[in-house]
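Student: all I have is the shape, not the residue letters:
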């Protein structure tokens with residue numbers, strides 16, 4: 001059912017794949033994601049739907065090959081199918097006609113901000129996009145972002161392309177230059193926290209997309225809990241988009257650092273015989289037994 005019909009190299013270790021998925025393509029909203037199991041025996045990978053075409057029954061995903069599961073997904077050829085795909089999951093991004101909107105993303109966050117920019121443009125907003133990358137070599141989706149944004153700015157940490165510096169530096173300049181009605185930010189915790197501080201000072205609404213570790217994306221394991229306005233929420237069912245001014249970034253940082261220590265991407269869990277593709281973890285996930 002989930003056959004790969006197109007595949008394209010976007011940047012270093014990053015590929016775009018188009019997969020036939022009629023039911024998902026018919027219901028997907030900007031900001032939603034799918035859980036993909038590339039082959040039997042591998043764990044699920046949460047992946048943002050960067051585009052969907054109901055007429056062709058196709059969804060587009062961006063694969064960042066950083067571990068066993070993502071490499072196996074990236075190695076699949078055109079004509080092959082993924083073992084399992086569940087979705088669309090999560091809530092669609094909050095969007096309406098606001099006026100001038102800035103969408104800022106760093107790294108793989110560009111894949112998540114793209115459909116949001118597209119949706120905001122369809123609502124009649126003026127959309128300014130900011131993409132930040134470590135270097136030109138890993139910059140992604142520039143041409144696609146240029147299509148859906150009225151203006152686009154690019155920053156690279158090493159100055160190898162366009163402007164040298166951080167995306168947040170440019171965001172600060174634009175917030176001082178224009179009357180901005182809303183900001184969307186997706187990327188590192190540090191970047192989103194900086195965006196929250198800037199927009200809160202100017203009383204500008206901020207929406208952020210959070211990417212904590214997820215086991216199945218269905219809200220049953222608690223691994224993707226995030227602290228929002230003093231209460232824990234599940235990114236998979238309550239998000240992944242939240243009010244950026246209500247996120248506890250310190251708690252989020254602790255959880256993301258715990259993820260790095262566990263190195264889940266290199267962990268091979270046992271697989272449920274009743275629900276192939278859904279991992280069984282014998283020990284509590286980081287923090288889940290304490291909070």
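Tutor: Cool, got the structure. Every value quoted in this text rests on a predicted model; they were computed, and no experiment measured them.
Student: what helix or strand is residue 132 located in?
Tutor: strand 126-133 (DSSP states H and E).
Student: for that strand, packing partners?
Tutor: Where contact means 3 or more Cβ pairs under 8 Å, 6 or more residues apart in numbering; DSSP states H and E, strand 126-133 is packed against strand 100-106, helix 109-122, helix 142-148, strand 151-156, helix 167-177. For every residue, glycine as well, the C-beta is placed using N, CA and C.
Student: can you list those in TSV and add distance to residue 71, mean pLDDT and mean neighbour count?
Tutor: Below are the helices and strands packed on strand 126-133 laid out as TSV (distance: least, Cβ to Cβ, whole Å; pLDDT from 0 to 100; neighbours: other Cβ atoms under 10 Å):
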stretch	distance to residue 71	mean pLDDT	mean neighbour count
strand 100-106	23	96	25
helix 109-122	17	93	24
helix 142-148	24	92	17
strand 151-156	26	95	19
helix 167-177	28	94	17
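Student: of the ones you listed, which is nearest residue 212?
Tutor: Relative to residue 212, the nearest member of those by Cβ to Cβ is helix 109-122, separated by 13.7 Å.
Student: quick one: contacts of that closest one?
Tutor: In this structure, residues lying in contact with helix 109-122 by Cβ atoms under 8 Å, 6 or more residues apart in numbering are 29-31, 48-51, 62, 93, 95, 98, 101, 103-105, 127, 129, 131, 133, 140-141, 144-145, 148-150, 184, 186-187, 209.
Student: between that helix and strand 151-156, how many degrees?
Tutor: Orientation of helix 109-122 against strand 151-156 (axes from the mean of the first three to the mean of the last three Cα atoms, to 10 degrees) gives an angle of 170 degrees.
Student: does residue 130 touch residue 165 like I think?
Tutor: No: judged on Cβ atoms under 8 Å, residue 130 makes no contact with residue 165 at a distance of 11.1 Å.
Student: which among the contacts of helix 109-122 end up buried?
Tutor: Among those, the ones that count as buried by 16 or more other Cβ atoms under 10 Å are 30-31, 48-51, 62, 93, 95, 101, 103-105, 127, 129, 131, 133, 140-141, 144-145, 148-149, 184, 186-187, 209.
Student: give me the below-cutoff pLDDT ranges for this structure.
Tutor: For the chain, residues meeting the criterion pLDDT under 70 lie at 258-291.
Student: so which residues of it form helices?
Tutor: 22-27, 68-75, 109-122, 142-148, 167-177, 189-201, 235-238, 249-262 (DSSP state H).
Student: just give me how far the shortest one sits from the chain centre.
Tutor: Right, the one you point to is helix 235-238. 13 Å (Cα atoms, centre = their mean, to the nearest Å).
Student: list the helices and strands it packs on?
Tutor: Contact partners of helix 235-238 among helices and strands, from 3+ Cβ pairs under 8 Å, 6+ apart: strand 225-228.
Student: show residues contacting the strand it packs on.
Tutor: Contacting residues not belonging to strand 225-228 are listed as 210, 212, 232-235, 238-239, 242-243, 246-248, 251-252, 255, 287-288, 291 [Cβ under 8 Å, 6+ apart].
Student: could you redo the last one with a cut-off of 6 Å?
Tutor: Contacts made with strand 225-228 from outside it, assessed by Cβ atoms under 6 Å, 6 or more residues apart in numbering, are listed as 210, 212, 232, 233, 234, 235, 242, 246, 248, 251, 252.
Student: of the residues you listed - the most surrounded one?
Tutor: Ranked by the number of neighbours (other Cβ atoms under 10 Å), the contacts of strand 225-228 place residue 235 first, at 26 neighbours.
Student: ok, that residue touching residue 210?
Tutor: Yes: if you go by Cβ atoms under 6 Å, residue 235 and residue 210 touch, sitting 5.0 Å apart.
Student: map the structural domains onto the sequence of this structure.
Tutor: Per automatic domain parsing, the domain ranges recorded for the chain read 4-89, 92-205, 210-291.
Student: how near is the residue nearest the centre of the chain to residue 68?
Tutor: By Cα atoms, centre = their mean, the mean C-alpha position of the chain lies nearest to residue 112, the distance being 4.1 Å. Taken as Cβ to Cβ, to the nearest Å, the spacing of residue 112 relative to residue 68 amounts to 23 Å.
Student: one more: residue 210?
Tutor: Using Cβ to Cβ, we find residue 210 at a distance of 24 Å from residue 68.
Student: kindly report the same for residue 157.
Tutor: 28 Å.
Student: same thing with residue 188?
Tutor: Taken as Cβ to Cβ, the spacing of residue 188 relative to residue 68 amounts to 23 Å.
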